[in-house]
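Student: Sequence unavailable; structure follows:
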């Protein structure tokens, strides 16, 4: 990432810890197979990757860092494509895509913070709960969303992650639990199951986290009537 040139696909493949998957240049020859992007990965192990493209580079990095979650997302997408066909999408596919593009795994130890998050009490979550963020009582265990990483390239952008929550103290165990839950179909059946997390609210993330910052309702949005989130895994 510090090199002056874009990494070559061969360099990306050297870091991919999956022997049956490979990044492949997305060109006319590849697309001529007529396969859906996800089906091509599932059936042929070929991950279409555009050259010198931030979105696809970040996608490759997530494949390297969290292969179990990427495999789980792909397997679920392929099952739905087999049922729905390549040109129709259901609510579960929308949820899987949102998590793939903007998803986070958030580990929570303190049930009180989770209750504050449930009701979109952003001050309780970020200000009153600041010590918990600093001590690891709540933490972002994994960044899955490659589009979220791409948006972070834009200075001043206030980002919102879409989250699956795990309970406990171990980040790696929590990430593994999410991958298993995706495979089993225990999560991501509907986009409304994903919890929004305004990342700029995390203590230390944004330069001006004063009282006025946390009452910006266009970013720290109130809970919609009737919205209920699933419990943590």
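Tutor: Thanks, I have the structure now. As the structure is a computational prediction, the values presented were derived from the model and not from experiment.
Student: For the helix or strand hosting residue 148, name the packing helices and strands.
Tutor: Using DSSP states H and E, residue 148 sits within helix 146-151. Using 3 or more C-beta pairs under 8 Å, 6 or more residues apart in numbering; DSSP states H and E as the contact test, the elements touching helix 146-151 are helix 54-65, helix 91-102. Where you see a C-beta, it was placed from the backbone N, CA and C, and this is true even at glycine.
Student: neighbouring strands for the biggest strand by length in the chain, and are they parallel or not?
Tutor: Using DSSP state E to define each element, the chain has its longest strand at strand 160-167. Paired strands of strand 160-167, with direction, are strand 103-108 (parallel), strand 195-198 (antiparallel) (DSSP bridges).
Student: could I get the ones you listed as CSV with distance to residue 156, mean neighbour count and mean pLDDT?
Tutor: Shown next, in CSV, are the strands paired with strand 160-167 (distance: least, C-beta to C-beta, whole Å; neighbours: other C-beta atoms under 10 Å; pLDDT from 0 to 100):
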stretch, distance to residue 156, mean neighbour count, mean pLDDT
strand 103-108, 20, 24, 97
strand 195-198, 14, 20, 97
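Student: In CSV: those strands, plus distance to residue 40.
Tutor: Formatted as CSV, the strands paired with strand 160-167 follow (distance: least, C-beta to C-beta, whole Å):
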stretch, distance to residue 40
strand 103-108, 21
strand 195-198, 31
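Student: which residues are in contact with the worst-scoring helix or strand of the chain on mean pLDDT?
Tutor: When each helix and strand of the chain is scored by mean pLDDT, DSSP states H and E, helix 111-118 comes last, with a mean of 90. Residues outside helix 111-118 that contact it (C-beta atoms under 8 Å, 6 or more residues apart in numbering) are 108, 124-125, 128-129, 132, 137-138, 165, 167, 195, 197, 223, 228-229, 232.
Student: Return the longest helix in the chain, judged by number of residues.
Tutor: Secondary structure of the chain per DSSP state H: the longest helix is helix 67-84.
Student: Could you pull out the buried residues of that one?
Tutor: The neighbour-count check on helix 67-84 (16 or more other C-beta atoms under 10 Å) flags 68-74, 76-81 as buried.
Student: what does stretch 12-27 give?
Tutor: So, applying 16+ other C-beta under 10 Å, buried residues of stretch 12-27: 12-13, 21-24, 26.
Student: Tell me, what's the model's pLDDT at residue 153?
Tutor: Residue 153 carries a pLDDT score of 94 in this model.
Student: With adjacent residues omitted, what lies nearest to it?
Tutor: In space, and not counting its chain neighbours, residue 153 is closest to residue 54: 6.5 Å by C-beta to C-beta, 6 or more residues apart in numbering.
Student: That concludes my questions; thank you for your assistance.
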